[in-house]
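# Mind looking at a prediction? Sequence and model below.
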Amino acid sequence: MAAIIEVQGLGKTYEVGSEKIHALKNITFTVESGEFIAIMGQSGSGKSTLMNLLGCLDTPSDGKYFINGKEVSSLSEDELAHIRNREIGFIFQVFHLLPRSTALHNVELPLIYSGVKKAARLDVARQALQSVDLSDRMAHRPNELSGGQRQRVAIARALVNKPSLILADEPTGNLDSRTGEEIVAIFQELHRRGNTIIMVTHNQELADLTQRIFYLKDGEIVKEEKKGRTK
């Protein structure tokens, strides 16, 4: 299978006053198309920093990062924004939905930024909401939806541009256990459909549903656990 992501010696150093903080050190791995991967580690282990680099929200201090064979480590801000919009679907713990906009409008936003014409983007956005069982909630605003429904809207929004990679940061962190199980089932279905997913989670049971788990400690991968194919 083709590699979606190649990370070679990735590192990130922050300067705080006269002190240098090495948030990530010598991270190297490859993610193939269709893989489902979890990243685990305690607070401060470097999980968020790694996700920010993979999502092109930050740039590395060391090493190289390729997505679909294109090195993104040294791209301009405009080029990074293009990669974020076209190649990567983001799913966050806190949803990041526009409070005054309907579910349908929230989902179509990435398509607006991509320049897709109105009729086409509305059709795609409706299909994305249907795929997460929200056909009857398209006209509802976030405050009219449950936490689980809001996360489904966020998942649909992440899917509309058919990204190469889905990055999920604690996607069940703000949900009760039953709703969290429903969201987990959606991720399993996304994986069965062939989506490539990298997910940060503190939930070991959720991580055990993935194919590989990277354990981070003090900015380094200290263990990789292969779980086998989950499809």
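That came in fine, so what should we check first? Keep in mind the model is a prediction, meaning the values are calculated, not measured. Residues are numbered from 1 along each chain as shown.
# Now do the contacts for the residue sitting nearest the centre point of the chain.
Closest to where the C-alpha atoms of the chain average out (CA atoms, centre = their mean) is Leu167, at 1.2 Å. Counting by CB atoms under 8 Å, 6 or more residues apart in numbering, Leu167 touches Met51, Leu54, Gly55, Ile88, Gly89, Phe90, Ile91, Ile198, Met199. All C-beta spots, glycine's among them, are computed from the backbone N, C-alpha and C.
# Could you grab the helix/strand/coil label for it?
Taking DSSP: H, G, I helix; E, B strand; the rest coil as the rule, one finds Leu167 in the strand state.
# That one and Ile5, how far apart?
10 Å (CB to CB, to the nearest Å).
# Can you show me the CA trace of the lengthiest helix in the chain as PDB?
When the chain is parsed with DSSP state H, its longest helix is helix 177-192. This file holds the C-alpha atoms of helix 177-192, laid out as PDB (Å, rounded to 0.1, in the frame of the first residue of the first chain):
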ATOM      1  CA  SER A 177     -19.500   6.600  27.800                       C
ATOM      2  CA  ARG A 178     -22.600   5.500  25.800                       C
ATOM      3  CA  THR A 179     -22.300   8.500  23.400                       C
ATOM      4  CA  GLY A 180     -18.600   7.800  23.200                       C
ATOM      5  CA  GLU A 181     -19.300   4.200  22.100                       C
ATOM      6  CA  GLU A 182     -21.500   5.600  19.300                       C
ATOM      7  CA  ILE A 183     -18.700   7.800  18.100                       C
ATOM      8  CA  VAL A 184     -16.200   4.900  18.300                       C
ATOM      9  CA  ALA A 185     -18.600   2.900  16.000                       C
ATOM     10  CA  ILE A 186     -18.500   5.700  13.500                       C
ATOM     11  CA  PHE A 187     -14.700   5.700  13.500                       C
ATOM     12  CA  GLN A 188     -14.700   2.000  12.900                       C
ATOM     13  CA  GLU A 189     -17.000   2.400  10.000                       C
ATOM     14  CA  LEU A 190     -14.800   5.200   8.600                       C
ATOM     15  CA  HIS A 191     -11.900   2.800   8.800                       C
ATOM     16  CA  ARG A 192     -13.800   0.100   7.100                       C
END
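# Packing partners of that helix?
helix 147-159, strand 197-200 (3 or more CB pairs under 8 Å, 6 or more residues apart in numbering; DSSP states H and E).
# ok, now which ones touch Asp62?
Counted by CB under 8 Å, 6+ apart, Asp62 has contacts Gly9, Leu10, Gly11, Lys12, Thr13, Asn26.
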